[in-house]
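Q: Here is a sequence together with a model predicted from it:
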Amino acid sequence: MKYIFSLLASGILLMSGNARGQTATLNVNTLEAVSVQMSIEKNGVKVIKDSSVKDADEPTFAKLKNSDFRNGTITVKVLSKLLKDASKTSRGFIGIAFRINPENNKFEAIYIRPTNGRAEDQLRRNHAIQYFSYPNYTYDRLRNESPGVYESYADMGLNEWITMKIVVKENQAKLFLNGNKQPSLIVSDLKHGPDASGGIGLWVDVGTEGYFKDLKIVKE
């Protein structure tokens, strides 16, 4: 049976099978802040990485409480802005962490770098999308060991809503952007293996003011 969870800016819609579902008001009790600051805004959930976390590709997300995801589909709309004090290397990092274990020290993640999508430099464009697996496979390790395998290009920009859909099946994850029928990234060897499961997080990194809305989760 498929279970569908829909997190809207105004609340959470829970549906199972043919049930109509029920709604609950979205508030700070719905999400757990893990090394981030978060707030509920009119246009979605606002998430900013805690400045005390200096390393990249860390567990910095607003985690959906009581979520347990292994296989299925995660769809969410994201919007990324740069903080006023963001460095020149900030890229508007924003995405989704999934299969997060209870201790928040193991998970998979796919995120985007919106500033790279329309950069004049082709190499930067090629780094617009990123997969990483915490804790051992950060973006720099994957880039050094397997150049171009866990990153790809797609058109995107700051200050615009981008729909991310991640389809997860066993060892594989595919990212589809803005309703495209073809995936923008295919990861065929999720590092924690096919049996991993866990929570879902609204993930950001340094320099980002991130917004999330219309999160829909279909579990298979």
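A: Great, that's in hand.
Q: State the pLDDT value of the residue nearest the centre of the chain.
A: Nearest residue to the geometric centre of the chain (CA atoms, centre = their mean): Ile96, 1.2 Å. Here, the pLDDT recorded for Ile96 equals 98.
Q: does it belong to a helix or a strand, and which?
A: In the assignment (DSSP states H and E), Ile96 maps to strand 94-100.
Q: Quickly run through the sheet partners of that strand, with directions.
A: Paired neighbours of strand 94-100 in the sheet (DSSP bridges): strand 107-112 (antiparallel), strand 199-204 (antiparallel).
Q: got these as CSV, with mean neighbour count columns?
A: All C-beta spots, glycine's among them, are computed from the backbone N, C-alpha and C. Shown next, in CSV, are the strands paired with strand 94-100 (neighbours: other CB atoms under 10 Å):
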stretch, mean neighbour count
strand 107-112, 25
strand 199-204, 27
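Q: where are the low-confidence patches of this structure?
A: Counting by pLDDT under 70, the chain shows low-confidence ranges at 1-27.
Q: quick one, which of the strands paired with strand 94-100 is nearest to Ala62?
A: When the strands paired with strand 94-100 are compared for distance to Ala62 using CB to CB, the nearest one is strand 199-204, at 4.4 Å.
Q: Would you mind putting the CA coordinates of the closest one into PDB?
A: Output in PDB follows, covering the C-alpha atoms of strand 199-204 (Å, rounded to 0.1, in the frame of the first residue of the first chain):
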ATOM      1  CA  GLY A 199      13.500  10.500   8.400                       C
ATOM      2  CA  ILE A 200      13.300  13.300   5.900                       C
ATOM      3  CA  GLY A 201      14.900  16.700   6.300                       C
ATOM      4  CA  LEU A 202      14.600  20.100   4.700                       C
ATOM      5  CA  TRP A 203      18.300  20.700   4.200                       C
ATOM      6  CA  VAL A 204      20.400  23.900   3.700                       C
END
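Q: residues in contact with the strand holding Ile96?
A: For strand 94-100, contacts defined as CB atoms under 8 Å, 6 or more residues apart in numbering pick out 59, 61, 63, 69-70, 74, 76, 78-80, 106-112, 114, 130, 134, 164, 166, 168, 190, 192, 196-205, 208, 210.
Q: if we can go back for a sec, and the residue nearest to the centre of the chain, how far is that from Glu145?
A: In this view, Ile96 and Glu145 are 23 Å apart by CB to CB, to the nearest Å.
Q: to the chain's geometric centre, what's the distance from the lengthiest helix in the chain?
A: Assignment by DSSP state H gives helix 139-145 as the longest helix of the chain. Relative to its chain's centre, helix 139-145 lies at 19 Å (CA atoms, centre = their mean, to the nearest Å).
Q: what's in contact with the following helix or strand past it?
A: Using DSSP H and E, the helix or strand that follows helix 139-145 in sequence is strand 151-152. The contact list for strand 151-152 (CB under 8 Å, 6+ apart) reads 126-131, 139, 142-143, 184-185.
Q: Distance to Leu177 for those - can I get that in a markdown table?
A: What follows is these, written out as a markdown table (distance: CB to CB, whole Å):
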| residue | distance to Leu177 |
| --- | --- |
| Asn126 | 15 |
| His127 | 15 |
| Ala128 | 10 |
| Ile129 | 8 |
| Gln130 | 13 |
| Tyr131 | 14 |
| Tyr139 | 18 |
| Leu142 | 20 |
| Arg143 | 20 |
| Ser184 | 5 |
| Leu185 | 9 |
